[in-house]
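> Predicted structure and sequence below. I'll ask about it afterward.
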Amino acid sequence: MSEPLTELAKRRGFYFQSSGAYGGTAGFYTYGPQGAALKRNVIDAWRERFITQEGHMEIDAPTVMGEPVFEASGHLDTFDDMIIECPACERSFRADHLVEDETPIEDAEAMSFEAIEETIAENELSCPSCGESLADVAVSAFNLMFETNIGPGSSAPGYLRPETAQGIFVEFPQLKEYARNQLPFGVAQVGRAYRNEISPRRSIVRVREFTQAELELFIDPERDTPPIDRVQNVTVPLYSATAQEGDGDVVRMTIGEAVEDELVEEWIAYYLAIAAEWYESVGIDMERFRYRQHRPDELSHYASDTWDAEVSVDGNWIELTGFAYRGSYDLTKHDDHSNEEFTIFRQYDEPVTVEEPSVDPEMSVLGPEYGSEAGKIADELASLAESDPDAFDAESVTVTVGGESYTIDTDVTNFSRTATKNGEHITPHVVEPSFGVDRLLYTILAHNYREDEVEGERRRSLSLPSSIAPTTVGVFPLMTKDGLGDRARELARKLRVAGFTVTYDDSGQIGRRYRRQDEIGTPFCVTVDHESLEDDTVTVRERDTMAQERVPVDDLKDYLTDRT
Ligand code: GAP
């Protein structure tokens, strides 16, 4: 992000490093009043598009979860980055970032530890902090989760969630009930995630506490298909894994073509389409945007295919969102590790008859004859039906219980070779669009920052879409005297009641007031002047064109509604 924009972000209250009074804490940022409002508006827009319009549910799970959850999810074993510690100054660095920063290698994250060590040695890389050689220093794995203890003592370790997704997966047995056991259904969550990043950087792009907006869509992989016809004409820039491995480039094609060519899995394709339209609506410059497919060597432990939405800011590509096909990985893991079933019942269209030998012994006969052994005999008959169904072709079958043989009439066992089934339990597959909200805000600011010159002075503005701008209308009296201040305050109050976000400002020259609003991206400013007292009109000034128009106060609400 450019220096002037970073300065503007702090000065105007978008965001700044937290705990500045204590020297700041690396990787933690506070959103000021403008940033918090922008974030809220962007999240609202996300909710509207990805939850409300798609008919999904939203939950709000805890940010701390116990160790078994992350043992099952694989995060305890595999959620690591490569760390290298300087033997002289003892500062730690992300080894792959060091390689990327100091060599022409662009994606060191996919390299093995040995390859990273060799590259550091061959290129004689040294500590970025004190200059000590790192040539012979070992690279090790660093787990990114923040650990804590749940309750006093250390017997119940817990972790701050590294993704909101696990809070959804662990509740699947309950959530499927709310979905009336019918696939497909989607569950979203917007909330904080925590990663103890080795080297946080680029302000809010890589932080240790951030906000994710994630959607987990549970589908029946054999039956459910997305409504591709609704989005097939949406054109997206695709940078496939094959293109990255060869000399290929980004290709613009419609979603319909991408699915037909089997370049993108169709559920992922559906989300790439609606997300592209949504990104544009919140102010992302689509000329600096692409979807990049993960190469096989960079796929996460849970994903079989992933496409990242990436944006270019100051010439660097940043990952905004991951669209992953997680298959049955998560639900299978939680099913294996917990006492619950993470499956759903798939009803057949018609009942089917299957080869499934079974018995249904007549206990009214076995009970009186064999007393307390009757139940065990019935169990043995069931085992025999499975292991040797042909044994039931004879008139009687013999089973052994507690070393004693029992011969039972086959008729009494009610043996059957087949069973009628109405359905089966399946493990749904998961399709996941995972949005990072902070990176989105960073990009929205960077892509909408403008500088121009007005009356010999540099004007800085944010061309934010009205729908997400922290303030929609600035209301100013030309001066506070002659009743203009009261009139303007009253107008501001009425506009607030009408649902607009309004800032009232009567300090300094009117030009300065315009600049202040331009810098926080306010799309409209309304000035009350002496003419307003005579004819009840005001001047409305538009941010980007700076065009001014006289509008009757009675029409103002509709005027602004039409344009915001
Ligand atoms: N549930 C899948 C998941 O968490 P991810 O690619 O690790 O996938 C999703 O994260 C998004 O979260 C990223 O695309 C990015 O926008 C955001 N994100 C991840 N780590 C971040 C960090 N340290 N700081 C800010 N945003 C981050």
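Right, received. Where do you want to start? Numbering: from 1, shown residues only.

> Show me what from the stretch 201-350 of the chain comes close to the ligand.
If contacts are counted using Cβ under 6 Å from any ligand atom, the residues of the stretch 201-350 of the chain sitting beside the ligand are Arg206, Val207, Phe210, Gln212, Glu214, Glu319, Leu320, Thr321, Gly322. (C-beta placed from N, C-alpha, C; glycine too.)

> can we see that at 5 Å?
Applying the criterion Cβ under 5 Å from any ligand atom, the portion of the stretch 201-350 of the chain that neighbours the ligand consists of Arg206, Val207, Phe210, Glu319, Gly322.

> tell me which residues of stretch 544-559 are tucked away?
With burial defined by 16 or more other Cβ atoms under 10 Å, the residues of stretch 544-559 counted as buried are Val551, Val553, Leu556, Tyr559.

> now swap in stretch 147-167 and tell me
Neighbour counts over stretch 147-167 (16+ other Cβ under 10 Å) mark Gly158, Tyr159, Leu160, Arg161, Pro162, Glu163, Thr164, Ala165, Gln166, Gly167 as buried.

> Test my guess that the last one contacts Val64.
Right, the one you point to is Gly167. No: the criterion here is Cβ atoms under 8 Å, and Gly167 misses it with Val64 at 10.1 Å.

> who touches the residue nearest to the spatial centre of the chain in this structure?
If you average the C-alpha coordinates of the chain and look for the closest C-alpha using Cα atoms, centre = their mean, you land on Ser434, 2.2 Å from that point. Ser434 makes contacts with Glu163, Ala165, Gln212, Glu214, Leu215, Thr321, Gly322, Phe323, Ala324, as judged by Cβ atoms under 8 Å, 6 or more residues apart in numbering.

> Just to be sure, it is in a helix?
No: according to DSSP: H, G, I helix; E, B strand; the rest coil, the state of Ser434 is strand, so it is not within a helix.

> beta partners for the residue in the stretch 401-550 of the chain that the ligand sits nearest to?
Closest approach between the stretch 401-550 of the chain and the ligand, counting by Cβ to the nearest ligand atom: Gly436, at 1.9 Å. Beta-bridge partners for Gly436, by DSSP bridges, are Gln212.

> Around it, count how many other residues there are.
When counting by other Cβ atoms under 10 Å, one arrives at 25 neighbours for Gly436.

> distance of it from Glu319?
8 Å (Cβ to Cβ, to the nearest Å).

> next one: Val412
Taking Cβ to Cβ as the criterion, Val412 is separated from Glu319 by 67 Å.

> Which of those two has more residues huddled nearby?
With other Cβ under 10 Å as the criterion, Val412 and Glu319 differ in neighbour count, and Val412 comes out ahead with 18 against 13.

> Flag every residue of the chain that's near the ligand.
If contact is defined as Cβ under 5 Å from any ligand atom, the residues of the chain in contact with the ligand are 163, 165, 195, 197, 206-207, 210, 319, 322, 434, 436, 438-439.

> can you do 8 Å?
27, 162-165, 193, 195, 197, 200, 204-208, 210, 212, 214, 300, 306, 308-309, 319-322, 324, 432, 434-440 (Cβ under 8 Å from any ligand atom).

> mind listing which of the residues you listed are in strands?
Among the residues of the chain next to the ligand, the members falling in strands are 193, 210, 212, 214, 306, 308-309, 319-322, 324, 432, 434-436 (criterion: DSSP state E).

> How is this structure partitioned into domains?
For the chain, the domain assignment from automatic domain parsing gives the residue ranges 3-79+144-330+431-438, 347-420, 462-563.

> Export these as TSV, with columns for mean pLDDT.
Formatted as TSV, the domains of the chain follow (pLDDT from 0 to 100):
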stretch	mean pLDDT
domain 3-79+144-330+431-438	96
domain 347-420	96
domain 462-563	96
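
> which residues in the stretch 251-400 of the chain form helices?
Using DSSP state H, counting those that start in this stretch, the helices assigned to the stretch 251-400 of the chain run over residues 255-260, 266-281, 329-337, 363-370, 374-387.

> Kindly report the same for the stretch 1-150 of the chain.
Listed in chain order, the helices of the stretch 1-150 of the chain (DSSP H, counting those that start in this stretch) span residues 3-11, 33-46, 67-73, 75-78, 95-102, 113-122.

> Three-state assignment for the residue lying closest to Thr522 once chain neighbours are set aside, please.
Nearest residue to Thr522, sequence neighbours excluded (Cβ to Cβ, 6 or more residues apart in numbering): Thr471, at 4.5 Å. Following three-state DSSP, we place Thr471 in the coil state.
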